[in-house]
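In: Make a model of this:
(2 chains)
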Amino acid sequence: MNKTVLDLWVGLFVIAGIVALLFLALKVGSMSAIKPGESYEVVARFDNIGGLKPRAPVKSAGVVVGRVADIRFDNETYEAAVTLRVDKRYAFPKDTSAAIMTSGLLGEQYIGLEAGGDSETLKDRDQIFLTQSAVVLENLIGQFIYGKAQEGPTQ
Amino acid sequence: MLKQTIENLGHSTLQSVWRIGFAARFFVVMLLHSGTAFRRFGLTIREMYFTGVLSLVIILVSGLFVGMVLGLQGYETLQTYGSEEALGILVALSLVRELGPVVAALLFASRAGSAITAEIGLMKATEQLSAMEMMAVDPIARVVAPRFWAGVISMPLLAALFSAMGIFGGYLVGVQLIGVDEGAFWSQMKSAVDFDQDILNGVIKSVVFGVAITTIALFEGYDAPPTAEGVSGATTRTVVTSSLAVLALDFVLTAFMFRGLN
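Out: I've put the predicted structure just below:
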């Protein structure tokens, strides 16, 4: 069997296709999924998670340090148990606080971690105790109206 | 009159069930006889030249234009919300998830699928397939299987090239022509497009489309009535059926892949 011009063209075609795939993989997409071996999980309990979704980012000082792995309803405490998968490169003190925040006015919700002052760091399967729930607009309006009513008529 | 209608209806139903059964058997026999396509890989490479390399020009040019149109239209819409920087996300996600695999498959069906059907139909009409059988050469192993694997290998490569070219087209229009910030265009795209969820699913889609199109094209050619009219009818049916199959399969695959994403 001899090499022909045809083989050259097919080879060029295959190389071009693989280059295109590499371009998509490296330049367009990113491997956002943090692998279990390179991360640790911590649980945070919230009264209300608002519109938080699995795979939402976990940020500290605005930098993405992990992802929300799982959201479950705890039927004993009636709270939402959110499992955060944090990159192993980042260690946080034990008294770190977690808050559900919104990026922009209409943006997606994410979890913001604020480091505390403890010398010990969070380990795998630890729990974050200081949490702040999502702001629900209806509750906010309700509080506002309630506050206004308590002030009484303004005449 | 009524009796005639019912008879015709029953006949055509029976015929189509018959054809589906024959197509399924054809598919299995083709897979079982695929050994030759790999043992004599030269045959497959030859077919890859005809299905893949010769489809390159139309795929690349259409990809570029589709991406450029996406850039223009996306900019017009995003501008009203003041989020022009999300143009990269819009162009990349729509290409990688949907337009890349689907439009490339539709072009592939009309460019390569029709050619496969016409070739095999004509081989059958001129009794080349029977001649091979006379010489104890299995036409399924020698003619059909290499074309099938060539199509299945070419399709994902063509779809990836289409998507890459489209993103380049979107970049040309969005960044170079309109003036969206280049850094935001690429970085937002990169943070929004996930390799497993978006790119790999797009590749899986294009592999499935490749299997569907080449199977339909090969079967229509193999089953074509051995007349000039029969071959032309089979070629038309290939394009119609495989386009419909691509769009329907795309819905099913999308429902499975992206339903539970959030």
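
In: For the rest of this, base every contact and every neighbour count on C-alpha atoms.
Out: Fine.

In: Neighbours of residue 66, how many?
Out: You didn't pick a chain, so chain A it is. Taking other C-alpha atoms under 10 Å in any protein chain shown as the neighbour definition, residue A:66 ends up with a count of 25.

In: To clarify, I was referring to chain B.
Out: For residue B:66, the neighbour count with other C-alpha under 10 Å is 23.

In: The one 10 residues further on now?
Out: Around residue B:76 there are 13 other residues, counting by other C-alpha under 10 Å.

In: Please determine how far it is located from residue B:87.
Out: 10 Å (C-alpha to C-alpha, to the nearest Å).

In: same thing with residue B:217?
Out: Residue B:217 sits 37 Å away from residue B:87, taking C-alpha to C-alpha as the criterion.

In: ok, residues contacting the helix or strand harbouring residue A:7?
Out: Using DSSP states H and E, residue A:7 falls within helix A:5-23. Contacts to helix A:5-23, defined as C-alpha atoms under 8 Å, 6 or more residues apart in numbering or on different chains, come from residues B:45-46, B:48-49, B:52-53, B:157-158, B:160-161, B:164.

In: Chain A next: which of those residues are close?
Out: B:45-46, B:48-49, B:52-53, B:157-158, B:160-161, B:164 (C-alpha under 8 Å from any C-alpha of the partner chain).

In: sorry, back to before: can you name the two of the contacts of helix A:5-23 that are farthest apart?
Out: B:46 and B:164 (25.4 Å; C-alpha to C-alpha).

In: which residues does residue 91 contact?
Out: Let's take chain A. For residue A:91, the set of contacting residues under the criterion of C-alpha under 8 Å, 6+ apart consists of A:121-122.

In: oops, chain B please
Out: Counted by C-alpha under 8 Å, 6+ apart, residue B:91 has contacts B:67, B:70-71, B:74, B:166-167, B:170.

In: Can I take it that residue A:134 is in a helix?
Out: No: per DSSP: H, G, I helix; E, B strand; the rest coil, residue A:134 lies outside any helix segment and is coil.

In: got the CA coordinates for whichever strand or helix holds residue B:207 in PDB?
Out: In this assignment (DSSP H and E), residue B:207 forms part of helix B:201-223. This file holds the C-alpha atoms of helix B:201-223, laid out as PDB (Å, rounded to 0.1, in the frame of the first residue of the first chain):
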ATOM      1  CA  ASN B 201     -22.300  17.100  25.000                       C
ATOM      2  CA  GLY B 202     -21.900  18.800  21.700                       C
ATOM      3  CA  VAL B 203     -19.400  16.200  20.500                       C
ATOM      4  CA  ILE B 204     -21.700  13.400  21.700                       C
ATOM      5  CA  LYS B 205     -24.500  15.000  19.700                       C
ATOM      6  CA  SER B 206     -22.500  15.200  16.500                       C
ATOM      7  CA  VAL B 207     -21.400  11.500  16.900                       C
ATOM      8  CA  VAL B 208     -25.000  10.500  17.200                       C
ATOM      9  CA  PHE B 209     -25.900  12.600  14.100                       C
ATOM     10  CA  GLY B 210     -23.100  11.100  12.200                       C
ATOM     11  CA  VAL B 211     -24.400   7.500  12.900                       C
ATOM     12  CA  ALA B 212     -27.900   8.500  12.000                       C
ATOM     13  CA  ILE B 213     -27.100  10.300   8.700                       C
ATOM     14  CA  THR B 214     -24.700   7.700   7.400                       C
ATOM     15  CA  THR B 215     -27.000   4.800   8.300                       C
ATOM     16  CA  ILE B 216     -29.900   6.500   6.600                       C
ATOM     17  CA  ALA B 217     -27.900   7.400   3.500                       C
ATOM     18  CA  LEU B 218     -26.300   3.900   3.200                       C
ATOM     19  CA  PHE B 219     -29.600   2.200   3.700                       C
ATOM     20  CA  GLU B 220     -31.500   4.300   1.200                       C
ATOM     21  CA  GLY B 221     -28.800   3.700  -1.400                       C
ATOM     22  CA  TYR B 222     -28.700  -0.100  -0.700                       C
ATOM     23  CA  ASP B 223     -32.500  -0.300  -0.800                       C
END
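
In: Now do that helix and helix A:5-23, the angle between them.
Out: What separates the directions of helix B:201-223 and helix A:5-23 is an angle of 150 degrees, with axes from the mean of the first three to the mean of the last three C-alpha atoms, to 10 degrees.

In: Buried residues, helix B:201-223. List them.
Out: Judged by neighbour count using 16 or more other C-alpha atoms under 10 Å in any protein chain shown, the buried positions of helix B:201-223 are B:201-203, B:205-223.

In: I'd like the average pLDDT over that helix.
Out: Mean pLDDT, computed over helix B:201-223, is 94.

In: How about that helix and chain A, any contact?
Out: No: contact check for helix B:201-223 against chain A, using C-alpha under 8 Å from any C-alpha: none in range, with a minimum separation of 9.0 Å.

In: all helices for the stretch 101-250 of chain B, in order.
Out: In order along the chain, the stretch 101-250 of chain B carries the following helices (DSSP state H, counting those that start in this stretch): B:114-125, B:128-134, B:139, B:145-171, B:182-192, B:201-223, B:228-258.

In: Ok, which of these comes nearest residue A:92?
Out: Ranked by C-alpha to C-alpha, the member of those that lies closest to residue A:92 is helix B:182-192, at 24.1 Å.

In: Next SSE downstream of the longest strand along chain A?
Out: Across chain A, the longest stretch assigned as strand under DSSP state E is strand A:63-74. Scanning the chain past strand A:63-74 towards its C-terminal end, the next helix or strand to appear is strand A:79-87 (assignment: DSSP H and E).

In: Mind checking the pLDDT average for that next one?
Out: 90.
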